[in-house]
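Engineer: after the sequence you'll find the predicted model.
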Amino acid sequence: MPMPDRSDAPTAPPCPLWRRLLALVYDLLIVVAIVMVVGLLSQLATGGQLVQGADHAQVPAWYRPLQGLVVSAYFVGSWLRGGQTVGMRPWHIRVTDRAGAAPTLQQAVLRLLVAAAPMLLLMLAPTLGLRTTLWLLLAAWAAWFAVALFDPRRRALHDLVAGTELRQIR
């Protein structure tokens, strides 16, 4: 069900950074479960031949984009159908546009793309090594969220770009 327009939403306080990060930890568990289910279904669809290679594991070119698409659908679908992911519900957080209404599809997709942009750094792993790349990824995400410490409405970089906000709803 779509999120109703709430005239009181703009008066709802912005979500503090610590609360949004805790919600993100909850969502990380959901993402791990989604990736596991996609892996299981892909294994079943390929007759157990998804991962091949004796010395080095190789997966088909379609597998990682499929995982990304399904995880993306979870976030965008959640934001459009009530403004909350599973992780946001216990912390009483809702994604809205600047006026307090539900985000549009364009805002939700843009928010997702900007939030996920640091994952492109994973392509550097063969050159920099996995450990260095993961630290670089963590630093990029820290910078993305650090913006919320300085913004008066506590918006992270992806919220600023997409024109969305996280609000406490109780």
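Structural biologist: Looks like it arrived, so ask away. Numbering: from 1, shown residues only.
Engineer: pLDDT averaged over the helix ranked longest in the chain - what is it?
Structural biologist: In the chain, ranked by residue count with DSSP state H as the criterion, the top helix is helix 17-45. Average pLDDT, helix 17-45: 95.
Engineer: also stretch 69-79?
Structural biologist: 97.
Engineer: equivalent analysis for stretch 95-104, please.
Structural biologist: So the average pLDDT for stretch 95-104 ends up being 93.
Engineer: report the buried residues of it.
Structural biologist: V95, T96, D97, G100, A101, A102, P103 (16 or more other CB atoms under 10 Å). Where C-beta positions appear, they are placed from N, C-alpha and C, glycine not excepted.
Engineer: would it be right to say that the first one lies in a helix?
Structural biologist: No. With DSSP: H, G, I helix; E, B strand; the rest coil as the criterion, V95 is strand rather than part of a helix.
Engineer: so who does R19 touch?
Structural biologist: Applying CB atoms under 8 Å, 6 or more residues apart in numbering to R19 gives the contacts W91, I93, Q168.
Engineer: try 10 Å
Structural biologist: Taking CB atoms under 10 Å, 6 or more residues apart in numbering, we find R19 in contact with M88, W91, H92, I93, R154, L166, Q168.
Engineer: returning to what we had before: and the helix or strand following the longest helix of the chain, which residues are buried?
Structural biologist: Next helix or strand after helix 17-45 toward the C-terminus (DSSP states H and E): helix 63-80. Neighbour counts over helix 63-80 (16+ other CB under 10 Å) mark Y63, Q67, V71, Y74, F75, V76, S78, W79, L80 as buried.
Engineer: most remote residue from this protein's center?
Structural biologist: Ranked by distance from the centre of the chain (CA atoms, centre = their mean), the top residue is A54, with 33.5 Å.
Engineer: distance check, that residue against P126.
Structural biologist: 20 Å (CB to CB, to the nearest Å).
Engineer: tell me the one of the contacts of R19 nearest L110?
Structural biologist: L166 (15.1 Å; CB to CB).
Engineer: leaving out chain neighbours, which residue sits closest to that closest one?
Structural biologist: C15 (3.9 Å; CB to CB, 6 or more residues apart in numbering).
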